[in-house]
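# sequence unavailable; structure follows:
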């Protein structure tokens, strides 16, 4: 599967953005899709995942602010980000693995990133 992320931009603290990850291929619904992010000078970190079977998982510091959803008809996974904070500034990547759960590791396919910048 090939992935392409979009939807990043510049937003003020407290604002919202919706990221989109579109996947190629007819078996998109069989993939668990996740969002990761990497801030300058920091390691890449897991943000959220939506499994092929309908489970979701969020890292603790985005719970209640971010929502992951998917539309298998459109081959898309979304990350709705509300109440954004300056510390959310990062390049956001979507990733996929065939089936599996919503663990934070072992993703095989990666899209290019989309920059999210939150100003204070």
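Done, it's in. Fair warning: this is a prediction, and the values are worked out from it, not measured in the lab. Residues are numbered from 1 along each chain as shown.
# look up the closest residue to the residue nearest in space to the middle of the chain, ignoring the ones flanking it.
Here the mean C-alpha position of the chain is nearest to the C-alpha of residue 35 (CA atoms, centre = their mean), at a distance of 2.5 Å. Sequence neighbours aside, residue 47 is the residue nearest to residue 35 in space, at 4.3 Å (criterion: CB to CB, 6 or more residues apart in numbering). All C-beta spots, glycine's among them, are computed from the backbone N, C-alpha and C.
# report how many residues lie close to that neighbour.
By the criterion of other CB atoms under 10 Å, residue 47 has 25 neighbours.
# so for the helix or strand that contains residue 97, what gets flagged as buried?
According to DSSP states H and E, residue 97 maps onto strand 90-98. Applying a neighbour-count criterion of 16 or more other CB atoms under 10 Å, one finds 90, 91, 92, 93, 94, 95, 96, 97 buried in strand 90-98.
# beta-bridge partners for the fifth one, please?
Using DSSP bridges, the beta-bridge partners of residue 94 come out as residue 35.
# for it, what are its contacts?
The neighbours of residue 94, taking CB atoms under 8 Å, 6 or more residues apart in numbering as the test, are 3, 5, 19, 21, 33, 34, 35, 36, 77, 110, 111.
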